[in-house]
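Enquirer: Here is a sequence together with a model predicted from it:
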Amino acid sequence: MEPFPSDRIQLPRNMIENSMFEEEPDVVDLAKEPCLHPLEPDEVEYEPRSSRLLVRGLGEHEMDEEEEDYESSAKLLGMSFMNRSSGLRNNMAGYRQSPDGSCSVPSMRTVVICTVVLVIAISVIMVIYLLPKCTFTKEGCHKKNHTMELIYPLATNGKLFPWAKIRLPSDVVPLHYDLVLQPNLTTLKFAGSVKIVVNVMQVTWKIVLHSSGLNITKATITSAGGSQAKPAEFLEYPLHDQIAVMAPEALLVGQNYTLNIEYSSNLSDTYYGFYKISYKDEKSKQRWFAATQFEPLAARSAFPCFDEPSFKATFLIKIKRDEQLSTLSNMPKKATTPVTNGIVQDEFFGSLKMSTYLVAFIVADLKNISRESNGTLVSIYAIPQHLNQVGYALNTAVKLLEFYQKYFLINYPLEKLDLVAIPDFQSGAMENWGLITFRETTLLYDNKTSSVRDKKLITAVIAHELAHQWFGNLVTMEWWNDLWLNEGFATFMEYFAMEEIFPELHSDEDFLNLIFKAMMKDSLNSSHPISSAVQSSQQIEEMFDALSYIKGASLLLMLKHYLTKDVFQAGVEVYLRNHSYGSTKSDDLWDSMNEITNGTLDVKKLMKTWILHKGFPLVTVVRQGKNISVQQEKFLYRVEPENWTSDASYLWHIPLTYITSNCNFTHCTNAYLLDRKSAVIELPEEVEWIKFNVEMSGYYIVHYTEDWKTLIDLLKKNHTALSAKDRANLINSIFSLAGLGKESLEKAFELINYLENESSTAPLTQALFQMSLIYNLLEKKGEQQLAARVMHRIESLLGNKIDQQTWTDDGTLSERELRSTLLAFACTHNMRNCRTTAAEMFKKWMSSNGTTSLPSDVMKAIFATGAKTDDGWEFLLKMYSSSVSEAEKKKMIEALASTDDVRKLIWLMQNSLEGEIIRAQGLSHIITTVSQSLPGYLLAWDFVKENWEKLTRKFHLGSYAIQNIVSWSTCQFSTKAHLLEVKTFFESRSEEISQLRCVKEAIDTIQLNIQWMERNLAKLQEWL
């Protein structure tokens, strides 16, 4: 899945086996009523405290009954707490104090009594601990094979639910689903039935599976040889989204059974599950559209299923629909048959073996264009009025499909591949096998209004989702702790494929900027390893973050460079072939790589130091003649001591790369594996300078100590001695080190003095990003004069370059993108005559009622300037409502959100949340844009506080949208008052919310902003 990027510049949408992370068992508690069905021995488990309280019907404040549990346990041993303590007091009477204050020897009677009590106590303890398979309960000792009546959660009907874990049991596995659905786009409800063929792995009386928000009306079980479907009782436990179908007789090992469930539900009004979308057709008439988004945990809200990625099965889907509409699913359509008047049923071919989160279906009025490629029919679908914008996507998809088949040496296994533009979609896209769904802005390209950046976004998202057809669909991570295997690989392949097929887009520069932003997140104490233990739905949602996507991809890039591209490609092929249609863990990938390295390198040992640990290393370099000393430590922004954990002893195995003044071409790159705390690299001869982490191919930051001066001088004299990516890397590194306190901010400013000679996008973009961070912090702190001096410094460096830009779409793609970046920045900060030119162009466009064509690359700057006036803002809003170009609407909404009018900003955010005029899919980006302006940054935070419940209902706790909203609405605070306010707000909601990773990250960020101000504010005032 591609989390939706904020103009692709924001960060994208956080293991050890699950069993190791079960909650510690509490004191054994007893059921108040006997179990309804026998429980298998391996199912006996202790329920965590919260569930015990739930069973009793107690509130969280009624914790004192736990002490009754302990007293009951004591009574089983023939004593009570009170008796034991009073006994001790009585025994004390055996000791008498002598007149001189010393204690006399106890009497013989006392010694005998104490000895007897001690022997009894020891005997009882031995009975408890040494009798095999015996547990004391209120009914006595349950011998082996006699089920203990432990507490299980209560089902909705008040009976015991026979399973207590979040993860499903493994006693039954699904083989095949027959799914029949009938959505009604008038009533906005749907009815369904599912037949699931299951295989029994061990004898059981129950089938536990997932169901969420479904009204189940009937459940039956049929044995493999039997023709009679037997009614079965079903229990529901909504807390874990689980149902248990209780078999009328024992289900036997090795046998297949068919579970048949009938149910109904409403089409969802969120972005999850089987959900409804309204849009206006070409005649401005409201139409309805039903689509699915199941990853990670929403298939269960469309049909009862085993909704975990490792429970792969085949699917045969039938959908009943209005004959005026059309349907799509993962597989090609097999047949359409009449059902009743005006209703037909579409049947699709049976699927390949796949996970439930990849199942998809759509009911809508769609049009398409298609092309065959290597036996696969590739089609792009959109609502009718957008059909003229799908051509670029079709050409791009065909090229990428052909590339991946050649690279992986495995053909795409389905007969068709559909890419569908959905009018309202929270993510950037979703990789459902054979039916990929997209937000319209990530699939539709309009020749008149789509910019170079729009083209790059569309290309990148298609590349990402097509890579998933192998990484994620053909081979799937076993559990969400290893989500990075899906998302990190798809992100890596996305940029690799774009470099190979579309080199003119310079996608490697975009990837570089994303890596820098991921490292900012990873340097916080609130970070997490990319392979992390997760269980709850919030924890799983939070794994969809920059680390799973970008850090995962960065580590694969580093490994590819270290192994060489041919060895890496061979390892990938082995991995895909060995695990096709199966589920994997991280170790399976490293084992596949080790098959190719054949003992010359232990890839597993190398890579485990990266995936099982959060953060990244800081490598300090000291040059002394021919000897280069290198030393590693953890790069960590430290805040209050109680809020961070030290990993001083942790060692990464770092594949260092470096070039020197003697040969600075990429083919001269040297490599050294630093697997110790420190080492010395001996060069063949002395050099003038050395640059580590060539082309930013490694996931680490380098500190050059005394050599920073040498590199600063090199950039001034001959900046092209280093590549554009290496220059961007140096800018990022020195500002990161200044934030850490390892280098002065003054030296960082000194390094970027060379920028007046810079013409490449990557270093200029990175410098603008770093300076904007400083400007925004100062501005929001109320240091407007100092912020203006920062902006003046930027203008002195880049003013001439801004003046050279033309307001056209001329030039190479790289030149056009740089123009777009520079002019948007200049107009935002009122540099040069940017706003004057933009205002004139906007006025002409407005006077033509929007019919005049504007250059697409500078449209964003023109719209943002026009939105500064009341008339301009109102006109943009009117045009937004009537535009058919999603690329144009995206630029309009960003401009509307950049006004200085507080009332308009409030209206915009509120309206987007309601989703009437402005779709809620864009709310996260609107809040991001609002929060960056001085009038808007406090408004954005107030809006989040006031609408928190609505936001989390719409987008779900832990989702990428919520991560983005929390992060952007708080990231520019730099006072202790704001820190306290943010902490208090989230703590007042619930412990669950205060423990969200994005909340911890927000608090870390504010603390670092405070620390940065304390460290740098006075110095900046002094020398800037």
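Expert: All right, it came through fine. Numbers count the residues shown, from 1 in each chain.
Enquirer: got a list of what I458 touches?
Expert: Y392, A393, T396, T442, L443, L444, Y445, S450 (C-beta atoms under 8 Å, 6 or more residues apart in numbering). C-beta here means a position set from N, CA and C on the backbone, and glycine is covered the same way.
Enquirer: Can you tell me which of those is nearest A290?
Expert: L443 (18.6 Å; C-beta to C-beta).
Enquirer: The closest one - nearest residue in space that isn't next to it in sequence?
Expert: A421 (4.5 Å; C-beta to C-beta, 6 or more residues apart in numbering).
Enquirer: three-state assignment of the one you found?
Expert: Three-state assignment for A421 (DSSP: H, G, I helix; E, B strand; the rest coil): strand.
Enquirer: Would you confirm that it contacts P384?
Expert: No: using C-beta atoms under 8 Å, A421 is not in contact with P384; the gap is 11.5 Å.
Enquirer: mind checking how far the closest residue in space to A724 that isn't next to it in sequence is from E509?
Expert: Leaving aside its sequence neighbours, A724 sits nearest to S760 (C-beta to C-beta, 6+ apart; 3.7 Å). To E509, S760 is 8 Å away according to C-beta to C-beta, to the nearest Å.
Enquirer: So between those two, which is more surrounded?
Expert: Just comparing S760 and E509: by other C-beta atoms under 10 Å the higher neighbour count belongs to E509, 22 against 18.
Enquirer: Could you list the low-confidence segments of the protein?
Expert: Residues of the chain that meet the criterion pLDDT under 70 lie in 4-150, 639-648, 664, 666.
Enquirer: Show me which of A421 and P384 is the more surrounded one.
Expert: A421 (25 against 12).
Enquirer: List the beta-bridge partners for the more buried one.
Expert: Taking DSSP bridges, one finds F438 as the beta-bridge partners of A421.
Enquirer: so who does it touch?
Expert: I380, Y381, A382, I383, H386, V390, F438, R439, E440, L443, L444.
Enquirer: what secondary structure does the first one sit in?
Expert: Per three-state DSSP, the local secondary structure of I380 is strand.
Enquirer: try G226
Expert: coil.
Enquirer: phi, psi of it?
Expert: phi -90, psi 150 (degrees, to the nearest 10).
Enquirer: OK, contacts around T476?
Expert: P309, S310, K312, M354, S355, N486, G582, S583, T584 are the contacts of T476 under C-beta under 8 Å, 6+ apart.
Enquirer: which helices and strands does the top helix by length along the chain pack with?
Expert: Ranked by residue count and defined by DSSP state H, the top helix of the chain is helix 997-1023. Where contact means 3 or more C-beta pairs under 8 Å, 6 or more residues apart in numbering; DSSP states H and E, helix 997-1023 is packed against helix 724-740, helix 745-751, helix 761-780, helix 784-803, helix 960-970, helix 976-989.
Enquirer: Contact partners for the closest residue to F825 other than its chain neighbours?
Expert: In space, and not counting its chain neighbours, F825 is closest to L768: 5.9 Å by C-beta to C-beta, 6+ apart. Applying C-beta under 8 Å, 6+ apart to L768 gives the contacts I794, T821, F825.
Enquirer: which one of those residues is nearest F348?
Expert: Using C-beta to C-beta, these come closest to F348 at T821, 45.3 Å.
Enquirer: What is the burial count for the closest residue to that closest one other than its chain neighbours?
Expert: Nearest non-adjacent residue to T821, counting by C-beta to C-beta, 6+ apart: T765, 6.1 Å away. Residues lying near T765 (other C-beta under 10 Å) number 23.
Enquirer: Surely T765 and S820 touch.
Expert: No: using C-beta under 8 Å, T765 makes no contact with S820, being 10.9 Å away.
Enquirer: May I have the phi/psi pair for the residue positioned nearest the centre of the chain?
Expert: Geometric centre of the chain, nearest residue: F544, 0.9 Å, by C-alpha atoms, centre = their mean. Dihedral pair for F544: phi -80, psi 80, per degrees, to the nearest 10.
Enquirer: Distance of it relative to S523?
Expert: 20 Å.
Enquirer: can you check E415 too?
Expert: 47 Å.
Enquirer: So these two - more neighbours on which side?
Expert: Set E415 next to S523 and count neighbours by other C-beta under 10 Å: S523 wins out with 22 against 13.
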